[in-house]
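**Student:** Have a look; sequence and predicted model below, questions after that.
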Amino acid sequence: MPGHRRLPEPVIARPWSGRTVAGAVLLDLALSPLFVWGVLAPAAGSEFGVGGTGLGLVFSSGLAAFTVGVLAGGRVADAVVPGRLASVTAAGAGAGLLVAALAGALWTLALGFTVLGGATGLGYATALRTVGTVASRRGLALGLVVGAYAGGTVVMAPVAGALLQAVGWRWTLAALAALVVGCALGAAALLPWTRPRGGGSEPGRASSPGRLRRVGPLWLVFALGSAPALGAFAHAGAIAGGSDRAALAVALLSAGNLGGRLVAGPLSDRTGPSIALHGDLALLTVACLLLTLGGSATALVALLLLGVQYGALSALVPAATARVVPAHRYGRAYGLVFTGWGLAGLVAPVAVAWLAAWGGVPLAFAVAAVAALLSWACAAASTVRRGR
C-alpha cells in the first residue's frame, strides 16, 4: 500500500543439510582456545609475575565477553547469513589470540582474551542459530554441534600442552590463532550464504509475542541446572577428596559432558525436549544427593553423572528454546536464555567454595540439590510439551 513500508518476510526453518551441519560442527570445533587457558596460565603467570587472582581475571574477562557475544550474536544471527558471521568469527578470534600472544602486560593479555571471548561467543551463537532452526532431526544436529564444542577442548588441550613444551606460550597462542582461523574459514565455506524466506514462521509456530515470554522458565532451568556442574568443574579436586584426584575428577566430568551432549540431542528427537529435560534434571538431583553422602568413590561416580547431566542440558535447552519461539526469533531468544548459563558460571564457583568452607562439600551440594529441584519445577512450569 502507498505510504507503508514493506516488512521483510520472516526466516523459516531450513531443511536438513549435511553440509550445513558439518559447517556448524567445524565452526564449534574452532571455538575452544578460550577454555585451554588453564594449560597456558602457569607459564604466562610466571613471565608476568602474577598469581592466581590475576590469571583468573584474564579467563573471567574472556568468559564474560563470550556470554555477551552469545547474547548479541543471537540477535545478529537472526539477520545475517551464517557464512559471513563465521568469517567475522575467524577474524575476531585470530586477532584476539594474536593480541594475547604479543601482550607485554597483563591488561593486554586480558584484552586479547576479551576479543577472543566475544568472537567465539558470536561463533557459538551462529552455529546454534544455524542448526537450531532445521526442520527435521533438530536434536541430532544440536547434539553434534554442542558436542563439537566440548570435543574441541578435549582435542586442543593436549595440542596446546605439547606446543607449550616445544615453543612456549606465546608461539602456542600464535599457532592456535592459525588453527582457529583455518577451521572457521572452512566452516564459512560450508555454511549457507543465503537465508531461506517464506510467508510466515514455522508451521504451527505463530509469532505471538507470548512465545518470547515463554523462554523465562528456560532461563531459570539453564541457570539453576548448570550451576552445580560449573561449581564442580571449578573445585573438582576438593570434591573428589584431594588434589591427587583432581585430574581424574576433571576427566570424568569432561567425559560425561561430551557423552551427554552427543546422546541428548537424538534422544530429544525421539521423546521431545520436555520429557528429556525432566530426565536430565532428575539425574541432576540424584548426582547432587550422592555428593552429600561423602566418600571418594561415591564422589567420582557422582561427578561422572554430573558431567553427563550438564552436557545433556547444554543440548536440550537449545532444542527446548526452538520449540517455544518462531524460527526467525530463535537467535535472539536463545541469546537471552544463554545469559542464565553466564550468570551461573560467575556465581556457582564462588558459592560452592564459600559453602564448602563453611560446612563442607556435603552442605554445598545439599544446597545444589535444592537448586536442582527448583530447576525441575521451572521445567515443569515451562510451556514445552511433547508433540508441540
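**Tutor:** Yes, it's here. Keep in mind that this is a model prediction, so the values were computed, not measured.

**Student:** For stretch 97-113, which residues meet the burial criterion?
**Tutor:** Using 16 or more other Cβ atoms under 10 Å as the test for burial, stretch 97-113 gives 97-101, 103, 106, 109-113. Any C-beta I mention is one placed from the backbone N, CA and C, and that applies to glycine too.

**Student:** I meant to write stretch 233-249 there.
**Tutor:** Neighbour-count burial for stretch 233-249 flags 233-241, 245-246, 249 (criterion: 16+ other Cβ under 10 Å).

**Student:** Looking at those residues, which is nearest residue 327?
**Tutor:** Distance to residue 327 across these (Cβ to Cβ) is lowest for residue 233, with 32.7 Å.

**Student:** how about the closest one, what does it touch?
**Tutor:** 250, 253, 349 (Cβ atoms under 8 Å, 6 or more residues apart in numbering).

**Student:** Of the buried residues of stretch 97-113, which one scores lowest on pLDDT?
**Tutor:** Checking pLDDT across these, the minimum falls on residue 106 at 86.

**Student:** Now do the particular helix or strand that has residue 40 in it: which elements does it pack against?
**Tutor:** Per DSSP states H and E: residue 40 is located in helix 37-48. Applying 3 or more Cβ pairs under 8 Å, 6 or more residues apart in numbering; DSSP states H and E, one finds that helix 37-48 makes contact with helix 52-77, helix 106-131, helix 138-190.

**Student:** now for the ones you listed, which one comes closest to residue 302?
**Tutor:** Of all the helices and strands packed on helix 37-48, helix 138-190 sits nearest to residue 302, with 19.4 Å by Cβ to Cβ.

**Student:** tell me the angle that closest one makes with helix 106-131.
**Tutor:** Angle, helix 138-190 to helix 106-131, by axes from the mean of the first three to the mean of the last three Cα atoms, to 10 degrees: 120 degrees.

**Student:** low pLDDT regions in the protein?
**Tutor:** 1-17, 38, 51-53, 55-56, 133-136, 195-213, 243-244, 247, 382-388 (pLDDT under 70).

**Student:** how's it carved up into domains?
**Tutor:** 18-190, 209-381 (automatic domain parsing).

**Student:** element containing residue 331?
**Tutor:** Counting by DSSP H and E, the element that carries residue 331 is helix 330-359.

**Student:** tell me which strands and helices the helix or strand that that helix is followed by is in contact with?
**Tutor:** With elements assigned by DSSP H and E, the helix or strand that comes after helix 330-359 is helix 361-381. Helix 361-381 sits against helix 215-234, helix 273-291, helix 330-359, with contacts defined as 3+ Cβ pairs under 8 Å, 6+ apart.

**Student:** got JSON lines for these, with distance to residue 259 too?
**Tutor:** As requested, the helices and strands packed on helix 361-381 are exported to JSON lines (distance: least, Cβ to Cβ, whole Å):
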{"stretch": "helix 215-234", "distance to residue 259": "13"}
{"stretch": "helix 273-291", "distance to residue 259": "12"}
{"stretch": "helix 330-359", "distance to residue 259": "19"}
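
**Student:** Any chance of the buried residues of stretch 97-113 in TSV with distance to residue 227 as columns?
**Tutor:** Shown next, in TSV, are the buried residues of stretch 97-113 (distance: Cβ to Cβ, whole Å):
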residue	distance to residue 227
97	29
98	34
99	32
100	29
101	33
103	32
106	29
109	28
110	25
111	29
112	28
113	23
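
**Student:** what's around residue 138, how many residues?
**Tutor:** 22 (other Cβ atoms under 10 Å).

**Student:** err, residue 263, not the other one
**Tutor:** Neighbour tally, residue 263, other Cβ under 10 Å: 17.

**Student:** Check residue 18 too.
**Tutor:** Residues near residue 18, counting by other Cβ under 10 Å: 9.

**Student:** Ok, residue 44 next?
**Tutor:** Neighbours of residue 44 (other Cβ under 10 Å): 22.

**Student:** Which ones among the buried residues of stretch 233-249 lie within helices?
**Tutor:** Mapping the buried residues of stretch 233-249 onto helices (DSSP state H) picks out 233-234, 236-240, 246, 249.

**Student:** export these to JSON lines and tack on distance to residue 283?
**Tutor:** Listed next are these as JSON lines, based on distance: Cβ to Cβ, whole Å:
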{"residue": "233", "distance to residue 283": "17"}
{"residue": "234", "distance to residue 283": "20"}
{"residue": "236", "distance to residue 283": "18"}
{"residue": "237", "distance to residue 283": "23"}
{"residue": "238", "distance to residue 283": "22"}
{"residue": "239", "distance to residue 283": "17"}
{"residue": "240", "distance to residue 283": "19"}
{"residue": "246", "distance to residue 283": "23"}
{"residue": "249", "distance to residue 283": "18"}
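
**Student:** can you pull the buried residues of the helix holding residue 331?
**Tutor:** Buried-residue list, helix 330-359, by 16+ other Cβ under 10 Å: 330-345, 348-349, 351-352, 355-356.
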